[in-house]
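Q: fold the following, please.
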Amino acid sequence: MPQQRTGEAHGFSSSKLSVLRKYRAFADLEPEAFEQLCRYAKHTALKRGTTLFSKGDPGNSLYAVISGTVKMSISSPDGRNAILNIVGPGEIFGEIALLDGRARSADAIANSNCELFVIDRREFIPFVKGQPALAMKFIELLCDRLRSTSDQVEQIILQNLPGRLASALLRLSEKHKSEPQGRTIAITQQEISEMVGMTRESINKQLRAWASRDWVRLEHGAIVVLNAEKLHDLAEAGAGHDGE
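A: Residues are numbered from 1 along each chain as shown. A predicted model of the protein is given here:
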């Protein structure tokens, strides 16, 4: 994995330990175990567009996002892309191949300039074997991933265009609802089209229709959810407004 800058995280107002405490998987570790984890966590800063790993690569590291976002995606031989997830601050990724020792199941690309903690598999696997509570947290994380994947498959197969787009916006904005900027999603229309399996033109038409009703606001490189209840109604019904 390319590393533009490694070493201790600089510019943080808090220590590495307090940053790692914000991750749900690590929050309940005992102080001694936490200090050990902090020794394993290496800081790196990456520029937008940097590939962290590609599908088929060995799963030799766990990643925790400090700032910025990372895009998880797959691509076909003819150049089509499908975005599986966009991972942001406080989230972990790369755990599947890390735990089962098999190849990476997707590409991971820095979707913006970002900072990460990287934990090597050779250190993490022995560590987690001695931490039953942490192992349970990772089981919960894997269950969350499976439920999310099942929901996305259901939406793509069963929902119509408005329902699929509404579901995706709600899922993405849920991560940011408690932040000062509110339900702002840093995503382009091309990226969300690759996430829900719709053309960019269809996405643009639908979003403009919703913007005219003040359900969303379109910004450069971002979408702001203004009326989550209306989008939830569409997602539940899987039909309804067609954007006209």
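Q: any idea what sits nearest Met195, other than its immediate chain neighbours?
A: Ile83 (4.2 Å; CB to CB, 6 or more residues apart in numbering). Bear in mind the C-beta positions are built from the backbone N, C-alpha and C, glycine included.
Q: what segments of the protein are helices?
A: With helices called from DSSP state H, the chain shows them at 16-20, 31-40, 95-100, 121-129, 132-158, 161-174, 189-196, 200-212, 228-237.
Q: what is the last one packed up against?
A: Put plainly, it is helix 228-237. helix 161-174 (3 or more CB pairs under 8 Å, 6 or more residues apart in numbering; DSSP states H and E).
Q: repeat for the fourth one
A: For helix 121-129, the packing partners by 3+ CB pairs under 8 Å, 6+ apart come out as helix 31-40, strand 61-67, helix 95-100, helix 132-158.
Q: so of the ones you listed, which one's packed in deepest?
A: strand 61-67 (a mean of 21; mean count of other CB atoms under 10 Å).
Q: give me the angle between it and helix 121-129.
A: 90 degrees (axes from the mean of the first three to the mean of the last three CA atoms, to 10 degrees).
Q: make 31 the starting number, not 1.
A: Okay, using 31 as the starting number, the last item reads as strand 91-97.
Q: check which helices and strands strand 91-97 is in contact with.
A: Contact analysis of strand 91-97 by 3+ CB pairs under 8 Å, 6+ apart lists strand 122-123, helix 125-130, strand 144-150, helix 151-159 as its packing neighbours.
Q: so what's the residue most central in space within the chain bridging to?
A: By CA atoms, centre = their mean, the chain has its centre lying nearest to Val117, at 1.9 Å. Note on Val117: beta-bridge partners by DSSP bridges are Val100.
Q: just checking, it touches Ser97?
A: No. The criterion here is CB atoms under 8 Å, and Val117 misses it with Ser97 at 11.8 Å.
Q: quick revisit: any chance of the helices and strands packed on helix 151-159 in JSON lines, with mean pLDDT and distance to Ala55 too?
A: Below are the helices and strands packed on helix 151-159 laid out as JSON lines (pLDDT from 0 to 100; distance: least, CB to CB, whole Å):
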{"stretch": "helix 61-70", "mean pLDDT": "91", "distance to Ala55": "10"}
{"stretch": "strand 91-97", "mean pLDDT": "95", "distance to Ala55": "9"}
{"stretch": "helix 125-130", "mean pLDDT": "92", "distance to Ala55": "9"}
{"stretch": "helix 162-188", "mean pLDDT": "87", "distance to Ala55": "4"}
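Q: any idea how the chain splits into domains?
A: Following the assignment in the TED database, the chain carries domains at 44-183, 189-268.
Q: out of these, which gets the lowest mean score?
A: With a mean of 87, domain 189-268 has the lowest mean pLDDT of the domains of the chain.
Q: residue contacts, the closest residue to Gly98 other than its chain neighbours?
A: Of all residues beyond its chain neighbours, the one nearest Gly98 is Cys144 (2.6 Å), with distances taken as CB to CB, 6+ apart. Neighbouring residues of Cys144 by CB atoms under 8 Å, 6 or more residues apart in numbering: Ala75, Leu76, Arg78, Val95, Ile96, Ser97, Gly98, Thr99, Val100.
Q: how many residues are close by the first one?
A: Per other CB atoms under 10 Å, the neighbour tally for Ala75 reads 21.
Q: touching, it and Ser142? I think so.
A: No. Using CB under 8 Å, Ala75 is not in contact with Ser142; the gap is 11.6 Å.
Q: give me the nearest residue to Lys167, chain neighbours excluded.
A: Ala55 (4.4 Å).
Q: so how far is Phe64 from the one you found?
A: Using CB to CB, to the nearest Å, Ala55 is found at 12 Å from Phe64.
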